[in-house]
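**Q** sequence plus predicted model, see below.
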Protein chains: 2
Amino acid sequence: MSYTLNELVNLRDFYKKQLLEDTLPFWFPRSIDKEHGGYLLMRDADGSLIDDDKAVWIQGRAAWLLATMYNTVSPEKEWLDGSASGIRFLREHCFDTDGRMFFHVARDGKPIRKRRYFFSETFAVIASAAYAKATGDGEAAAMARKLFGKCMEYAARPDLLPAKFTGTRPAKGIGVPMILMNTAQELRNTVGDERCDDYIMHCIHEIEKYFVKDDIRCVMETVAPDGGIIDHIDGRTLNPGHAIEGAWFILQEALHRGNDPHLTNLGCRMLDYMWERGWDAEHGGILYFRDVYGKPVQEYWQDMKFWWPHNETIIATLMAYLMTGNEKYARWHRMVHDYAYSRFHDQQNGEWFGYLHRNGAVAQTAKGNLFKGPFHLPRQELRCWQMLDQYLENRK
Amino acid sequence: MSYTLNELVNLRDFYKKQLLEDTLPFWFPRSIDKEHGGYLLMRDADGSLIDDDKAVWIQGRAAWLLATMYNTVSPEKEWLDGSASGIRFLREHCFDTDGRMFFHVARDGKPIRKRRYFFSETFAVIASAAYAKATGDGEAAAMARKLFGKCMEYAARPDLLPAKFTGTRPAKGIGVPMILMNTAQELRNTVGDERCDDYIMHCIHEIEKYFVKDDIRCVMETVAPDGGIIDHIDGRTLNPGHAIEGAWFILQEALHRGNDPHLTNLGCRMLDYMWERGWDAEHGGILYFRDVYGKPVQEYWQDMKFWWPHNETIIATLMAYLMTGNEKYARWHRMVHDYAYSRFHDQQNGEWFGYLHRNGAVAQTAKGNLFKGPFHLPRQELRCWQMLDQYLENRK
């Protein structure tokens, strides 16, 4: 059933209220590390700190969020100062001597671990770009552009990074074009960069050509270099929530290009395929991993419900509905919104739990760790609020 | 309640029957790869192959199992031939040019992945040693001894292997002394090696001095080099089933040394501490991870029930009971045995499922993958059968 205008107004108000009165206050100001800079984000359900280490990619995400709130919601000094704290910490402590970034550092910035991936870098790009827009800081803008160039280079030449696998069975993941597409979109939205438009289309072309399989109604997570399905456990493993995140990145690009019909159709197909494969008809919610042929997935926790696929699906279904008017997307949006806010949201302390068992019971109470912080949930609430605002504005 | 002699006879017969008529026939002979050598072990519940790749450590474990059956149960030609197939595959396909072993290879032996650990090597040691005992093959004995020397060297000089973490927060894991103790025990039991006795005591001393914390009744999984508790998420994470496996390795050494009272006491303390922390009073079974201070564990699947901690706990509780006569251990053995054989065992197709949700529901149906194969379960059934046989023999 479609949403009435009144329901859309209520939804807009709900997301705004959740973001400003529930999610954001869980994290800030208490997480800003006044002693060393950056953020102390590894917190239990009640907000108590369980570890004072810092995950570099989440430091970048938090700095991005605060600068984006400043840029797009209201120029609050505390948001800008909070973002600055993260930007300084990233600049001063999170780069190795080879120019690559660490993944995990101690509270004082001493490095604990560097990984083979460049996710720390992509989030440093969007944080620096948003901060540069907020402040006009040329050094931050230059850092964003320089790091974006490095990320494009790593994506084009994986041999620059240490390899996890030998060359026996070459493969590529959808994660790289997805994250770079979104990084380029954020860069374009803030300080701008002439490489972005073409690069975004390059990423979308990669995804469409190699990962989207219309014949079996599926978006692959990993494929052979020619797009072939690698019929081994890892190659068959699908990540529906991730593909659905990719779907709304593409819908967002369609919007940016004046409701481009080809991109709208592509994003909706990706959402359709992975909703069909990921939605748990028995218990509700988005299942974490599926096998393309229904075989057992290596990861034993494959049927758990994680917070972030629900954030991404809430955005994707709402965006698809507002762009197409197809009532199916309103129905799906209701389903995933109701499931998520009734199961993940911690009514007592605010924010969401991260990990539920398949049946919806909380598996682990932490609100923040090396992999979870103030990103997917506040981004969803912000995006949905702004998207509805824009839609309602256009209908006036 | 203690076990009666009659109950012990029944248990002995049960483990023997399960091993010979249920577990072993699930895997063999169908898993022997007649084309390329080694074993095809990644199988779904019904035995159908889900992937023809080969995990090197599990190739070693399977070759060890078959040679050990030949050495200690009955000299069946098919077991020896089966073991030979794995030994050949390990020799011909699983070594890199630097002398280290791969972790994951394709069916034909082409390398897919090498890891930073030397578990492939430790299982190649015990496989080669058991095979050498079965055949008198001097080359296999020499390979076992040479690789054992390399493993000792890697353990003493972790800088020989690629590091996962920087040197900022040095740590050591209980896994290294545990696996090397057991590797040395298996080497000693088969072709022998004069380094084993001292090295086993060195490993036990490491565990006792650094990992066993009597003041808080706990066996740590990871500690600082001086044995201090690292108060970060990873450092606080306990693996009760793993520590209980270590407990029975030490009880086994106590037995070997004429019921050494100090070692018996150490093994029992480790079992006591980790039963208290690992047994799930609500649903039964051994929980996978716990935090030493009861905080949230990083791994969201921390409360799942895996097959192997149950195999290790069945061995440890039975061994502790037979060695001490303490009825508490008989009670615990009944609890874990009943839980495991009623939940993990697949009555329809044989063998055990690997992964249950906390409430006991099967989470994933595979019997074999990169991490599960014919090892913990058949080893448990074999060890328990033989331990009971020996005990009943001595009581005659």
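**A** Alright, I've got the coordinates. Every value quoted in this text rests on a predicted model; they were computed, and no experiment measured them.
**Q** okay, now the domains of chain A?
**A** Under automatic domain parsing, the residue ranges defining each domain of chain A are A:1-30+A:173-396, A:33-164.
**Q** out of the ones you listed, which is closest to residue B:102?
**A** Closest to residue B:102 of the domains of chain A is domain A:33-164 (CB to CB; 12.8 Å). Quick note: C-beta positions are derived from backbone N, CA and C, even for glycine.
**Q** is the closest one in proximity to chain B?
**A** Yes: Domain A:33-164 comes into contact with chain B (CB under 8 Å from any CB of the partner chain), by way of A:42, A:44, A:50-53, A:106, A:110-114, A:164.
**Q** number of residues surrounding residue A:295?
**A** The tally of other residues near residue A:295 (other CB atoms under 10 Å in any protein chain shown) stands at 18.
**Q** farthest pair in the residues of domain A:33-164 next to chain B?
**A** Longest span within those, CB to CB: A:44 and A:164, 32.0 Å.
**Q** which of the two has more neighbours?
**A** More crowded of residue A:44 and residue A:164, by other CB under 10 Å: residue A:44, with 18 against 12.
**Q** thought residue B:294 was touching that one, still the case?
**A** No: if you go by CB atoms under 8 Å, residue A:44 and residue B:294 don't touch, sitting 10.5 Å apart.
**Q** now could you export just the CA positions of the helix or strand containing residue A:266 as CSV?
**A** Take DSSP states H and E as the rule and residue A:266 turns out to sit in helix A:261-278. The C-alpha trace of helix A:261-278 is given here as CSV (Å, rounded to 0.1, in the frame of the first residue of the first chain):
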residue,chain,number,x,y,z
PRO,A,261,15.7,6.1,-16.4
HIS,A,262,18.4,3.6,-17.1
LEU,A,263,20.0,4.1,-13.7
THR,A,264,16.7,4.2,-12.0
ASN,A,265,15.8,0.8,-13.6
LEU,A,266,19.2,-0.6,-12.7
GLY,A,267,19.0,0.4,-9.0
CYS,A,268,15.5,-0.9,-8.7
ARG,A,269,16.4,-4.3,-10.3
MET,A,270,19.3,-4.6,-7.9
LEU,A,271,17.0,-3.9,-5.0
ASP,A,272,14.3,-6.3,-6.3
TYR,A,273,16.8,-9.2,-6.8
MET,A,274,18.4,-8.9,-3.4
TRP,A,275,15.2,-8.2,-1.5
GLU,A,276,13.9,-11.5,-2.9
ARG,A,277,17.1,-13.3,-1.8
GLY,A,278,17.7,-11.4,1.5
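**Q** who are the packing partners of it?
**A** Counting by 3 or more CB pairs under 8 Å, 6 or more residues apart in numbering or on different chains; DSSP states H and E, the packing neighbours recorded for helix A:261-278 are strand A:212-213, strand A:218-219, strand A:237-238, helix A:240-256, helix A:307-324, helix A:327-343.
**Q** what does the helix or strand that comes right after the last one contact?
**A** Looking back up the chat, that one is helix A:327-343. Going down the chain from helix A:327-343, the next helix or strand is strand A:355-356, by DSSP H and E. Residues from elsewhere that reach strand A:355-356 (CB atoms under 8 Å, 6 or more residues apart in numbering or on different chains): A:285, A:304, A:305, A:306, A:307, A:343, A:344, A:362, A:363, A:364, B:300.
**Q** equivalent analysis for stretch A:102-113, please.
**A** Counting by CB under 8 Å, 6+ apart, A:33, A:35-36, A:38, A:40, A:52-57, A:89, A:92-96, A:114-115, A:117, A:119-120, A:370, B:164-166, B:168-169 sit against stretch A:102-113.
**Q** likewise for stretch A:198-211?
**A** A:152, A:172, A:174, A:177-178, A:180-181, A:184-185, A:188, A:219-221, A:223, A:226-227, A:243, A:246, A:250, A:253, A:263, A:266.
**Q** can you flag the buried ones in those?
**A** A:152, A:172, A:174, A:177-178, A:180-181, A:184-185, A:188, A:219-221, A:223, A:243, A:246, A:250, A:253, A:263, A:266 (16 or more other CB atoms under 10 Å in any protein chain shown).
**Q** quick check: pLDDT value at residue A:286.
**A** pLDDT for residue A:286: 98.
**Q** and the contacts of stretch A:129-147?
**A** A:63-64, A:67-68, A:70-71, A:75, A:80, A:83-84, A:87, A:91, A:121, A:124-126, A:128, A:186-187, A:190-191, A:193.
**Q** what average pLDDT does it get?
**A** The average pLDDT for stretch A:129-147 rounds to 97.
**Q** and it, how far from the chain's centre?
**A** 21 Å (CA atoms, centre = their mean, to the nearest Å).
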